[in-house]
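1. sequence first, then the predicted structure:
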Amino acid sequence: MQLKTTGVAGTLESSDVMITVEPAKNGISIELTSSVEKQFGRQIKELILKVTKELGVTAAFIKVADKGAIDYVLTARLKAACYRAAERTDYQWEG
């Protein structure tokens, strides 16, 4: 999946996450701000890398403002932001 523009998904409400995905020249770069970063920061970053790999995103700057979201919410928000950034509507939510 090639990113064309900036994609955003989520809110800054408690138990949610706001994810901003932007095109980059190469590699995945993650900027994480989280209320639970000390406990789950590594796990959140690993999940982001796993999901981007599944989507075929190879170059992106991903900004994550987490307010305690569970993995399913992180995954859904990241997928939505990536699809928006790629300007695609052929959603593949399964998997």
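-> Perfect, I can see it now. Numbering: from 1, shown residues only.
2. so which bits of stretch 44-63 are buried?
-> Judged by neighbour count (16 or more other Cβ atoms under 10 Å), stretch 44-63 contains these buried residues: Ile44, Lys45, Ile48, Val51, Thr52, Leu55, Val57, Ala60, Phe61, Ile62, Lys63. C-beta here means a position set from N, CA and C on the backbone, and glycine is covered the same way.
3. same question, stretch 86-93
-> Along stretch 86-93, these residues count as buried under the neighbour rule (16+ other Cβ under 10 Å): Ala86, Arg88.
4. and the buried residues of stretch 44-63, which of them are in strands?
-> Cross-referencing these against strands under DSSP state E gives Ala60, Phe61, Ile62, Lys63.
5. please identify which of the residues you listed is nearest to Val73.
-> Set against Val73, the nearest of these by Cβ to Cβ is Ile62 (15.3 Å).
6. look up how far Glu94 lies from the most centrally placed residue in the chain.
-> For the chain, the residue whose C-alpha lies nearest the mean C-alpha position (Cα atoms, centre = their mean) is Leu78; its distance is 3.1 Å. Distance, Leu78 to Glu94, by Cβ to Cβ, to the nearest Å: 15 Å.
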